[in-house]
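Engineer: sharing a model that was predicted from the sequence below.
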Amino acid sequence: MSEQVLKVTDLTTCYGSISAIKSISFYALDREIVGIVGPNGAGKTTLLESIAGSVQPLEGIIEFLGHRIEHWSVLKRRQLGLMLIPQEANIFPMMSVKKNLEVSVILSDRDKREELISYAYELFPILYERRKQIASTLSGGQQRMLAVGIGIASNARVMLIDEPSIGLAPKLVTKFFETLKKIRDDTKKTIVLSEQNIKVLNIADRLFGLEAGEIRFDERKENLSRDAVKDLYLGSIS
Amino acid sequence: MGGILSLPVLGVAVIYGITGIPNFAIGVIGVFGGFVTWYFLSYSMGLAIAIGVGVCFIIGWIVQRVLLTPISEMGGDATLFFIITIAVGFVFEGMLRAIFPRPNISLELPRIGTISFAGYSVEGFKIIALLFAIGTLIIIRLMEEHTEVGKSWQATSQNLKLAKLIGIKTTQVFSIASGIGCALACIGAIFWGSLYNLQLSSGWDLGFLGFIVAVVGGIGNIWGGLISALIMGMVMSFSGYLLGGEWQSVILYCIVILVLIIAPKGILGSERSL
Ligand SMILES: Nc1ncnc2c1ncn2[C@@H]1O[C@H](COP(=O)(O)OP(=O)(O)O)[C@@H](O)[C@H]1O
Ligand SMILES: [Mg+2]
């Protein structure tokens, strides 16, 4: 079994008096694709933002590569190799596509920067075609690709991606997920993504079901039926 | 007038454009630097200006680092920043009163005289101030295109959260922006003090005028600020010429109100961006 690169224990995060996630425990293995699934408001974003440090948890432990990071700044977590691509506002809107990628390599080794940007263009050729275009004028789908491109440029060891498929045309989703899988296979990195789209079953090694801030299941893909995942969205009636 | 005004306006635009925080103390801090320059002027002009501007840069940096950035991290809103930066302004005005026991100074810089242009004559200082502002703007633009530092400023101004997530030291960017903004205000105050004079309270005029002009141009939009500074400058000279100096501010602020009713986001819009 490979090592746990990320481990969260009993994490609780509140907005005011409302707890958005309640005593969540979660982990990701090296080179794994973990899907966090659950309906709107389940707490997926809160969990990812708490791990990245954009949101401060009330209590709990976050371990990353053997360090306790729950009190670290976003920057320090990033320097150790953790990167979050947020659900919204995940590009620099008034910059060209090219500059979006150029600024995102800031923490990568100088001699690797060109390579990282080329790799992002290779995965998403449309970004290369539109490299001079202002990011906010891209289509919704292209903006999602750019957001992932920014993640690639950052060259983080663990990439957290918050609902990458939201708003994508169904036809695009499958292809987009395949690309994420290719990124993992090429770069040997760990990808944690939150999703509402059931197609995440096709690429995830393990799924983590979240509802109303609590864990519903944590299973390897082989052990999960589509129905178990669907139940999560419909809510268990009994 | 518009030429000199363009400097504090640029200062306001740089600070607001990058940090999103309105700093109303910027004029007072600039005038503080003007007094510091005046104090050292008898040694050497270049040195005196460098010290004054340098002091302002450092003050801007420190105020941002120890006060404004932490407050904004805690989620401070515009009202809080208004009150706090006004208070900071009074602190520096009070320090001026205590340190420099003269209410009114005039900086004796070598005069350049007036430049005649199409029948109008303009003070050389105003032209130089304007060129300085435009030059600063062009340097900022070039840095944004070609340097890592410039790109990180731009990224911070466009999406602070994402800038942090990709690893930009946004706290440092904020401090530098505030330092540059206050340094620009200081250069404006030095020009002002050599053309007219500087009083202990001049900073409020300079700061508020800078702010209002920046808002009219589209706050955070540097080009809008510059254009607005020129137009407002002309309005002031023209109304002063037609109706006498007493009516200047009445006309100016009526026009400000009118412009903002018609275009609440300013002449060029306030997409908060450098
Ligand atoms: N900034 C916020 N302020 C207050 N409540 C919030 C905020 N963000 C999220 N919430 C609440 O926390 C819960 C979890 O939200 P979120 O983490 O965004 O879920 P998901 O990403 O799974 O849709 C929801 O009930 C939501 O209303
Ligand atoms: Mg969400």
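Structural biologist: That came through fine. Keep in mind that this is a model prediction, so the values were computed, not measured. Ligands and ions are numbered 1, 2, ... in the order given.
Engineer: do you have the helices of chain A handy? List them.
Structural biologist: Along chain A, counting by DSSP state H, helices occupy A:44-52, A:74-80, A:97-104, A:113-123, A:125-129, A:140-154, A:170-187, A:226-234.
Engineer: and chain B, by the same measure?
Structural biologist: Going by DSSP H, chain B shows helices at B:2-19, B:26-40, B:45-62, B:69-73, B:78-99, B:124-146, B:148-158, B:160-165, B:170-195, B:202-217, B:222-243, B:248-262.
Engineer: tell me which of those is the most buried.
Structural biologist: helix B:2-19 (a mean of 29; mean count of other Cβ atoms under 10 Å in any protein chain shown). The way it works is simple: take the backbone N, C-alpha and C, and place the C-beta from them, glycine included.
Engineer: quick check: residues of chain A near ligand 2?
Structural biologist: Applying Cβ under 5 Å from the ion, one finds that chain A approaches ligand 2 through A:K44, A:T45, A:Q87.
Engineer: picking up where we left off before, closest one to ligand 1 among the helices of chain B?
Structural biologist: Ligand 1 lies closest to helix B:160-165 among the helices of chain B, at 12.3 Å (Cβ to the nearest ligand atom).
Engineer: return the member of the helices of chain B having the minimum mean pLDDT.
Structural biologist: If you rank the helices of chain B by mean pLDDT, helix B:222-243 sits at the bottom with a mean of 79.
Engineer: from the chain's centroid, how far away is that one?
Structural biologist: Distance of helix B:222-243 from its chain centroid, counting by Cα atoms, centre = their mean, to the nearest Å, is 16 Å.
Engineer: can you tell me which of the residues of chain A next to ligand 2 is nearest chain B?
Structural biologist: Ranked by distance to chain B (Cβ to the nearest Cβ), those are led by A:Q87 at 11.3 Å.
Engineer: how many neighbours does the closest one have?
Structural biologist: As a burial measure, A:Q87 scores 17 neighbours (other Cβ atoms under 10 Å in any protein chain shown).
Engineer: same question for B:S106.
Structural biologist: For B:S106, using other Cβ under 10 Å, the count is 12.
Engineer: can you report phi and psi for the closest residue to it other than its chain neighbours?
Structural biologist: Leaving out its chain neighbours, the residue that sits closest to B:S106 by Cβ to Cβ, 6 or more residues apart in numbering or on different chains is B:N197, at 4.3 Å. Backbone torsions of B:N197, given as degrees, to the nearest 10, read phi -150, psi 170.
Engineer: in a markdown table, list the helices of chain B along with distance to A:I203.
Structural biologist: Putting the helices of chain B into a markdown table (distance: least, Cβ to Cβ, whole Å) gives the following:
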| stretch | distance to A:I203 |
| --- | --- |
| helix B:2-19 | 39 |
| helix B:26-40 | 52 |
| helix B:45-62 | 47 |
| helix B:69-73 | 37 |
| helix B:78-99 | 44 |
| helix B:124-146 | 38 |
| helix B:148-158 | 30 |
| helix B:160-165 | 23 |
| helix B:170-195 | 33 |
| helix B:202-217 | 49 |
| helix B:222-243 | 45 |
| helix B:248-262 | 52 |
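Engineer: around chain A, pick out the residues from chain B.
Structural biologist: Residues of chain B lying close to chain A (Cβ under 8 Å from any Cβ of the partner chain) are B:148, B:151-152, B:154-155, B:158-159, B:161-169, B:271, B:273.
Engineer: again, only this time at 7 Å
Structural biologist: Proximity of chain B to chain A (Cβ under 7 Å from any Cβ of the partner chain) is limited to residues B:148, B:151-152, B:154-155, B:158-159, B:161-162, B:164-169, B:271, B:273.
Engineer: A:F124 contacts A:G149, doesn't it?
Structural biologist: Yes: with contact defined as Cβ atoms under 7 Å, A:F124 and A:G149 form a contacting pair (6.1 Å).
Engineer: before we move on, back to that, let me have the helices of chain A in JSON lines, extended by mean pLDDT and mean neighbour count.
Structural biologist: Listed next are the helices of chain A as JSON lines, based on pLDDT from 0 to 100; neighbours: other Cβ atoms under 10 Å in any protein chain shown:
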{"stretch": "helix A:44-52", "mean pLDDT": "96", "mean neighbour count": "24"}
{"stretch": "helix A:74-80", "mean pLDDT": "95", "mean neighbour count": "19"}
{"stretch": "helix A:97-104", "mean pLDDT": "96", "mean neighbour count": "24"}
{"stretch": "helix A:113-123", "mean pLDDT": "95", "mean neighbour count": "17"}
{"stretch": "helix A:125-129", "mean pLDDT": "96", "mean neighbour count": "15"}
{"stretch": "helix A:140-154", "mean pLDDT": "94", "mean neighbour count": "22"}
{"stretch": "helix A:170-187", "mean pLDDT": "92", "mean neighbour count": "16"}
{"stretch": "helix A:226-234", "mean pLDDT": "72", "mean neighbour count": "14"}
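Engineer: turn the ones you listed into CSV, including distance to chain B.
Structural biologist: Output for the helices of chain A, formatted as CSV (distance: least, Cβ to the nearest Cβ, whole Å):
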stretch, distance to chain B
helix A:44-52, 6
helix A:74-80, 4
helix A:97-104, 4
helix A:113-123, 10
helix A:125-129, 16
helix A:140-154, 5
helix A:170-187, 17
helix A:226-234, 28
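Engineer: what's the closest of those to B:V55?
Structural biologist: Comparing those against B:V55 with Cβ to Cβ, the closest turns out to be helix A:74-80 (29.3 Å).
Engineer: and for the closest one, what's in contact with it?
Structural biologist: A:A52, A:G53, A:S54, A:F64, A:L65, A:H67, A:I69, A:L107, B:K164, B:L165, B:G167, B:K169 (Cβ atoms under 7 Å, 6 or more residues apart in numbering or on different chains).
Engineer: which of these are close to ligand 1?
Structural biologist: Among the contacts of helix A:74-80, no residue is within reach of ligand 1 (Cβ under 6 Å from any ligand atom).
Engineer: can you tell me which residue is spatially central in chain A?
Structural biologist: By Cα atoms, centre = their mean, chain A has its centre lying nearest to A:I161, at 1.6 Å.
Engineer: distance of it relative to A:P86?
Structural biologist: Distance of A:I161 to A:P86, given as Cβ to Cβ, to the nearest Å: 9 Å.
Engineer: now do the contacts for B:G181.
Structural biologist: B:G11, B:V12, B:V14, B:I15, B:I26, B:G60.
Engineer: just the buried residues of stretch A:28-48, please?
Structural biologist: By neighbour count with 16 or more other Cβ atoms under 10 Å in any protein chain shown, stretch A:28-48 contains the buried residues A:28-38, A:42-48.
Engineer: do you know how far the residue of the stretch 1-150 of chain B found nearest ligand 2 is from B:F81?
Structural biologist: Here the residue of the stretch 1-150 of chain B nearest ligand 2 is B:G75; by Cβ to the ion that distance is 20.4 Å. According to Cβ to Cβ, B:G75 and B:F81 sit 11 Å apart.
Engineer: B:A118 now?
Structural biologist: Separation of B:A118 from B:F81 (Cβ to Cβ): 43 Å.
Engineer: ditto for B:K164
Structural biologist: To B:F81, B:K164 is 20 Å away according to Cβ to Cβ.
Engineer: nearest residue to the residue in chain B that ligand 2 sits nearest to other than its sequence neighbours?
Structural biologist: Using Cβ to the ion, the point where chain B gets nearest to ligand 2 is B:K161, with a distance of 14.4 Å. Excluding the flanking residues, the one nearest B:K161 by Cβ to Cβ, 6+ apart is A:S54, at 6.3 Å.
Engineer: so what's the gap between stretch B:17-26 and the chain middle?
Structural biologist: For stretch B:17-26, the distance to the chain centre is 10 Å (Cα atoms, centre = their mean).
Engineer: check contacts around the residue nearest to B:V215 when sequence neighbours are not counted.
Structural biologist: Take B:V215 and drop its neighbours on the chain: the residue closest to it by Cβ to Cβ, 6+ apart is B:G266, 6.0 Å away. Counting by Cβ under 7 Å, 6+ apart, B:G266 makes contact with B:V215, B:V216, B:G217, B:G218, B:I219, B:N221, B:G224.
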